[in-house]
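Undergrad: how would this look folded up:
(3 chains)
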Amino acid sequence: MGSGLLKRDFFDRPSHEVAPDLLGRILVHGPVAVRLTEVEAYGLPGEDPASHTFRGPTPRNAVMFGPPGHLYVYFTYGMHFCANLSCLPEGMGCGVLLRAGEIVSGLSQARARRGVAVSDRDLARGPARLAVAMGFDRAHNGLDACSGDGELVLLEGESPSAIRSGPRTGVSTGADTPWRFWIDGDPTVSPYRRHVARRR
DNA sequence: GTGCAGATACACT
DNA sequence: GTGTATCTGCACG
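TA: All right, here's what the predicted structure looks like:
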């Protein structure tokens, strides 16, 4: 049925191989569990201009340069957190952004965290919303999803019926790389938006 | 459903 | 100082 835990070597691959494999998996944090329906892969230093690791290690992206299977939480736009899972062995900085999912457990908790009145399908529809629904913030940066006894658990889940891929969302460079993956037809997948430069 | 505007603080140049 | 892997609310259809 797919209730087994994902092992660390699952993440010991390039992020664009891990990303589609992550779809349909269940990420559990405390009382809340989410079935991943949309993810984006981010590549290695010097190879992917859209990746936070493009210019090498910094204090912020250190987790992605650490061992695989750890949670990288970063703060952006002055008010949002987003969550990634690190890939490849220590020293190789890349990861997979968790873009959207379906809350399958802890619905009331997730709803309480979100605050705003939204439908179930919007609870974790978008990376910042997912982070809020799961309760991720700075304090969860570096959490291990593969330790087996940690507060973060990743289950096998069920294989999705159909996977699609396309350009990444919201990035100003490297948007042409088709490293966004989602479950075809799933209502919780966020609508595609291209990056728009902010006016002043 | 679409399309804006504005909010906000941090990391990095 | 500059740009951001975004969301919400409002307008409109």
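Undergrad: A:Val132 and A:Ile103: what is the separation?
TA: Distance of A:Val132 to A:Ile103, computed by C-beta to C-beta, to the nearest Å: 11 Å. For the C-beta atoms, the positions are set from N, CA and C on the backbone; glycine is no exception.
Undergrad: Confirm that A:Ala131 sits in a helix.
TA: Yes - per DSSP: H, G, I helix; E, B strand; the rest coil, A:Ala131 lies within a helix segment.
Undergrad: Have a look at A:Val132 and A:Ile103 and say which one is more surrounded.
TA: Looking at A:Val132 and A:Ile103 with other C-beta atoms under 10 Å, you find the greater number of neighbours at A:Ile103, namely 23 against 20.
Undergrad: Checking that one next. Helix, strand or coil?
TA: A:Ile103, by the three-state scheme (three-state DSSP), is strand.
Undergrad: what does chain A put close to DNA strand B?
TA: A:52, A:55, A:58-61, A:75-79, A:191, A:198-199 (C-beta under 7 Å from any atom of the strand).
Undergrad: now, which of those residues lie close to DNA strand C?
TA: A:His52, A:Thr76, A:Tyr77, A:Gly78, A:Met79, A:Arg198.
Undergrad: Which of those are buried, as a PyMOL select command?
TA: In PyMOL, a selection of the buried entries from those looks like this (16 or more other C-beta atoms under 10 Å):
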select buried, chain A and resi 52
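Undergrad: Would you mark the buried spots in stretch A:109-127?
TA: Per 16+ other C-beta under 10 Å, stretch A:109-127 contains these buried residues: A:Gln109, A:Ala110, A:Arg111, A:Arg113, A:Arg114, A:Asp122, A:Leu123, A:Ala124, A:Arg125, A:Gly126, A:Pro127.
Undergrad: which residues sit against that stretch?
TA: For stretch A:109-127, contacts defined as C-beta atoms under 8 Å, 6 or more residues apart in numbering pick out A:30-32, A:34, A:80, A:82-83, A:97-103, A:107, A:129-130, A:132-135, A:187-190.
Undergrad: For the closest residue to DNA strand B within chain A, grab the count of nearby residues.
TA: Evaluated by C-beta to the nearest atom of the strand, chain A has A:Thr58 as its residue closest to DNA strand B, separated by 2.5 Å. Using other C-beta under 10 Å, A:Thr58 has 11 neighbouring residues.
Undergrad: how near is the residue lying closest to A:Thr173 once chain neighbours are set aside to DNA strand C?
TA: Among residues not flanking A:Thr173 along the chain, A:Pro49 sits closest, at 4.1 Å (C-beta to C-beta, 6 or more residues apart in numbering). A:Pro49 sits at a distance of 9 Å from DNA strand C (criterion: C-beta to the nearest atom of the strand, to the nearest Å).
Undergrad: In terms of helices and strands, where is A:Pro49?
TA: Per DSSP states H and E: A:Pro49 is located in neither a helix nor a strand.
Undergrad: ok, it touching A:Ala175?
TA: No - counting by C-beta atoms under 8 Å, A:Pro49 stays clear of A:Ala175, with 9.7 Å between them.
Undergrad: Fine by me, thanks again.
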